[in-house]
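A.B. asks: quick check, what structure comes out for this input:
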Amino acid sequence: MITRLILQTVVWLACMGALLFGAAGTLAWPAGWWYLIETGGLSLWVGFWLARHDPGLLAERLAPIVQAQQSRWDRYFMVGVMVMWCAWLVLMGFDAMRYRWSAPLPVWLVSLGSLCIFLCLFMCLIVFRANSYAAPVIKIQASRGHKVIDTGPYAHVRHPMYAAALLLFIGTPLLLGSWWGLACVPLLVLGLGWRAVREERVLAAQLEGYTDYTGRVRYRFVPFVW
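C.D. replies: Numbers count the residues shown, from 1 in each chain. Sure, this is the predicted structure:
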């Protein structure tokens, strides 16, 4: 499991690096290197924690993003997410380095971006501690005794993992220095919100007690907002 975790992380970093630096047209991009180091290091930290405390969830997190148990719409969504993520990275490479469409961001904003990425991964760890069924695909994990989780961050919002992703969406373009990348964030948020609504329909129909849970916990992503 650890070997698979490391291999998948290395491949993921290599692909992101190829997209970022290929679009940038140069390897002399400190922010790009730091982005890969930070996201890779934090991802391994969370992965090693899962390997020790919840190997079942780690196996789910390492599984393919397209699976037989998924709804068809979620398969298409996940493939679309991968395509959009790659295009987003290429856009930020073009913007921040190759063509320099964006004015340089101040150091404090770049630092804020790095902090947002750290907080995203830290929040994911908190989510994993509370919810052993936090798979990346939408499905009912009957073989693992899937049940409603309403403790930890789930006592406050219904999708704390998505809430953490909002920080990644904001932090990535800030760290990489791309205003055009930041301008794409509302589209990413809308896509995530659409998936959250569809996911809730699946869970309400197939997971016992989920409808009652949505009645107790009102907000999806951010308390008092939505």
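
A.B. asks: the protein: helices as residue ranges?
C.D. replies: With helices called from DSSP state H, the chain shows them at 2-24, 30-53, 55-62, 72-93, 107-130, 160-176, 179-183, 185-206, 210-216.

A.B. asks: quick one, phi psi at the residue of the chain most remote from its centre?
C.D. replies: What lies farthest from the middle of the chain is residue 99; by CA atoms, centre = their mean that is 27.6 Å. With angles defined as degrees, to the nearest 10, residue 99 sits at phi -110, psi -20.

A.B. asks: same check, this time on residue 147
C.D. replies: phi -150, psi 170.

A.B. asks: count of neighbours near it?
C.D. replies: The burial count assigned to residue 147 is 14, neighbours taken as other CB atoms under 10 Å. C-betas here are computed from N, CA, C, even on glycine.

A.B. asks: which non-adjacent residue is nearest residue 19?
C.D. replies: Residue nearest to residue 19 in three dimensions, not counting chain neighbours: residue 89, with 4.4 Å by CB to CB, 6 or more residues apart in numbering.

A.B. asks: to clarify, my last question referred to residue 79.
C.D. replies: residue 66 (6.7 Å).

A.B. asks: pretty sure that neighbour contacts residue 81?
C.D. replies: No - with contact defined as CB atoms under 8 Å, residue 66 and residue 81 do not form a contacting pair (11.1 Å).

A.B. asks: give me the more crowded residue out of the two.
C.D. replies: Between residue 66 and residue 81, residue 81 has the larger neighbour count (other CB under 10 Å), namely 16 against 13.
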